[in-house]
Every structure is written in C-alpha cells, then in structure tokens.
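S.K.: attaching a predicted model along with its sequence, questions to come.
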Amino acid sequence: MFQRVLIANRGEIAVRIIRACQELGIETVAVYSDVDAEALHVRLADYACHIGPAEAQESYLNGPAIIAAALAADVDAIHPGYGFLSENADFAEAVAAAGITYIGPLPETIRMVGNKDAAREAMQRAGLPLITGSDPIMDITDVPKIAAAVGYPLIAKPISGGGGNGMFTAHDEEELLRKLEMTAFVPGSLYFERYVCDARHIEIQIMADNYGHIIHLGERECSLQRRNQKILEEAPSSALTSEMRQKVGALAILAAKSVNYTNIGTVEFLMDKQNRQFYFMEINPRIQVEHGITETITRMDIVRKQIRIAAGEPLNVKQDNIRFNGHAIECRINAEDPELNFMPWPGTIDYYHQPGGPNVRVDSGVCCGSVVQPYYDSLIAKIIVHGRTRGDAIRIMKRALAEFHIQGIKTTIDLHCRVLSDPQFCSGNISTQFVQKFLKP
C-alpha cells in the first residue's frame, strides 16, 4: 500500500480523496493555487504544496509543477480526481516517467477513450450499438453534405474533452451553420451524431484490476442536465428493468475489455425512450462526481478501491456478490443562479449550515468563510441521500434541502427543491430535456 499520495485537485473531490487516504492510513499532500491557500482541502491534508497563480492553466492544469511538487514531497502516487488533468494521457505518462504511480487507467487507455473517434471505432469493433455519426469534420465546406447524411436533429461534439463542453445541437442546416460560425472551427476537432430528442442518460460504474478482472456496480440515471452537464443523479434508474440492467451492464464490461481497461471508470450510454435501446456514448477514465450514489446503494467505497487497485491489489469481489440496496439521489449544489441561465456566482460564504440526520451524506469542499473562486468549476457541495424506495429517497432529499442554508452567494438549492416537488419528476418520466422544459416560464 502507498505511504503518501498527492491529490492533484481541489474542492470537494480533493476532500473526498483525502478522507479515503486517511482511512487507509496513507499520508496526503494537497496542492493549491494562490487563492486556495486557506481552502478546506489544504487544511485537511497532512502536507500542502503551492503550485502557482489562480488561473487553472498555471496551477491545477500545470502538470510539470504538480509533478515537481510530488517529487519534492516524496509521494508514492498521484490521484487526479476529476476534471483538470484527470483525462490527460500526457500527464499520466509523465507521472509514470517520474517513477510515481498514477491512480487511474493506463495512459494509452486514457488516450484511446479520450479521442471519441478512436473510441467509437473500438466500440464498433467490439459490437457495441452506436448512434449514427460522422467521421471528424476536416473541411467546413463539407458540413452540409455530412450533416444531411447523419440526419437532423444532430449534435456536434468535440473529438476530445468532456463535461459537455463544446457541444451544441442543430435542427436544420441554417441553425448548424450559424452555430458553427460562432465557434472557432479547427479541422478534425468536431464530429456529428444524430440527436436523440427523447432520451435518458444512463451510465455504468465499472471497476477493473490489473489482472483482467472486471465488474460493474450498476447504473446511474443522469438525465437531469443543464448545458449538457448533470445537476441531479439517481441510482438505480427507474427506467430499467432487471433484464435491461443486465444487458447494459454486460455492454459496459464488453466496452471496458475492448480497451484493456484498468482501475475505475464509467461507460456512458444514451437510452432512446421510444425503442428502449442503449447506444454507447463514451468512457470516462476517472472518478465521477456522482460516484457517491453508487457507493450508497452498493456499500462499496469506490475511491478506496481505486487506490487499492493502483497499488496492485486484485479485486476481492465478484459480479455475483454485488447487491443493490434501496435508492439513492444526489443533488449537486453549485454556486450559480438558475434564473440567469446558471451564471456562476463566486463570492464569500457568510453562513453555511449543511443537512444531517439518517441517510444523508454531504460531500463538500467549503465551510463558513470559504471563498468561492471565479477561476474554477462552480460545484461546492453534493447532497446524497438513501431511501428504501425512490419515493422515500425523494422525501429525504426534500427534507435535507430544506436544512441546507448558504448565505453570501446564490446556489442551486431552490432549483432542486422545485425539481423534487415536480409531479413529472416524481413519476420518473424524465429525459435529458427535463430541466430545459422545467425552467421555461
């Protein structure tokens, strides 16, 4: 087992990893920018290293500075968390070249799944169902012909990257060309995919050791999104039968095997509500924001497993041993104003009281007096609740949201309260369009 781990991240995920390391008896090293010297993750770690100015490109995205800090702190491993450098194959290679263990998949796997075109080709060879799509767009003059072949409506996606960044939909050629003019088009950076309007976003948590043993921990429902980014997740999905759950779980394992996947990750699918078919979207080679709901219903600590796998330990659990208990919901609490198109709302938190009680978990990267910085993602906390049924979980979450009080900044707490009280949400009849429709006056 590792003696000391550096966490190449900040906020709630850095706090989460620090706690997992502490429970494993591992010392932790936090990194911080100029504006994060007093951040919660810095206070909780055993050691801390300054890595640069506030701008992420000069600090949390500065791979050489992070590796230099790791070498100076004499760590055994680096955990990238999510976001920042977590899907950067060059960084993972540099970590290994420095003689440090990277807690995540192999660099070549990260590189393959990070390139959506290469990932689609690998999945097609493996026999996974794919939505009709195009090759990378090399010449903007070919756009009308390529788009017509894919069919409208379509969604334009970057070849690399994640988190919904750079995606947009178009319902006809005029809209497509107008939106392309607003982007800095780079040949080979974009491809088109048929847009499934009435869809649900289903993802499968996978876990793979270094010896070929791969299992899945069930699905998460991630259909509630804004700007192609999730705001509320559930496990399990109310849309899946036991047979469908087995089918999509088997597809996820097949996908992982096809790219020699190791450590933990997520295989994401789009489920067409009309024909109830699953289509491969992508593989995320990192811990997910919403991993906690899977931990809640499986009673398995995914972050600790992630660290143990990286340390060379084999998985000590078989697929048949995985049991799912009840229903879990996660609400992401972002420093944003939903009434102003989710505009980020940085500032100082003057008052902070988080919920508690039975079956409530809060993963947070802030406390009273914390400053929400304008330089980074607006996620400040997550509420995770567990109930015997979905209805039970909804009631517990509504109670927890009513207890959560944050002053000094605007947050998404009130939006979540409205969503949890909406009859359509409570019925389980949701799709990736739900939040967009819900916010219309």
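M.R.: Yes, it's here.

S.K.: and for the chain, the residue most distant from the center?
M.R.: residue 141 (34.5 Å; CA atoms, centre = their mean).

S.K.: next up, phi/psi of that one, please.
M.R.: phi -70, psi -20 (degrees, to the nearest 10).

S.K.: what do you get for residue 203?
M.R.: Summarising the backbone geometry of residue 203 under the convention degrees, to the nearest 10, its torsions are phi -130, psi 150.

S.K.: pretty sure it is touching residue 266, no?
M.R.: Yes - if you go by CB atoms under 8 Å, residue 203 and residue 266 touch, sitting 4.9 Å apart. In this view, the C-beta of every residue, glycine as well, is placed from N, C-alpha and C.

S.K.: intersection of neighbour lists for those two?
M.R.: Common contacts of residue 203 and residue 266, defined by CB atoms under 8 Å, 6 or more residues apart in numbering, comprise 284, 288.

S.K.: if I look at the residue farthest from the centre of the chain, how far off is residue 180?
M.R.: Distance, residue 141 to residue 180, by CB to CB, to the nearest Å: 11 Å.

S.K.: which neighbours do those two share?
M.R.: Between them, residue 141 and residue 180 share no contacting residue, judged by CB under 8 Å, 6+ apart.

S.K.: now residue 11: closest residue in space that isn't a chain neighbour?
M.R.: Take residue 11 and drop its neighbours on the chain: the residue closest to it by CB to CB, 6 or more residues apart in numbering is residue 365, 3.6 Å away.

S.K.: so what's the residue count around that neighbour?
M.R.: The local packing of residue 365 (other CB atoms under 10 Å) involves 23 other residues.

S.K.: that one: what's it in contact with?
M.R.: By CB under 8 Å, 6+ apart, the contact set of residue 365 is 10, 11, 12, 13, 14, 15, 39, 40, 41, 379, 380, 381.

S.K.: ok, now residue 381?
M.R.: For residue 381, the contacting residues are 12, 333, 354, 362, 363, 364, 365, 366, by CB under 8 Å, 6+ apart.

S.K.: distance of it from residue 300?
M.R.: 22 Å.

S.K.: residue 53 too?
M.R.: The gap separating residue 53 from residue 300 is 39 Å, by CB to CB.

S.K.: then residue 172?
M.R.: Spatial separation of residue 172 from residue 300 under the definition CB to CB is 47 Å.

S.K.: neighbour-wise, which of the two wins?
M.R.: residue 300 (16 against 12).

S.K.: so in this structure, which helix runs the longest?
M.R.: Under DSSP state H, the helix in the chain containing the largest number of residues is helix 242-258.

S.K.: can you pull the buried residues of that helix?
M.R.: Residues of helix 242-258 classed as buried: 244, 245, 248, 249, 251, 252, 253, 254, 255, 256, 258 (neighbour count, 16 or more other CB atoms under 10 Å).
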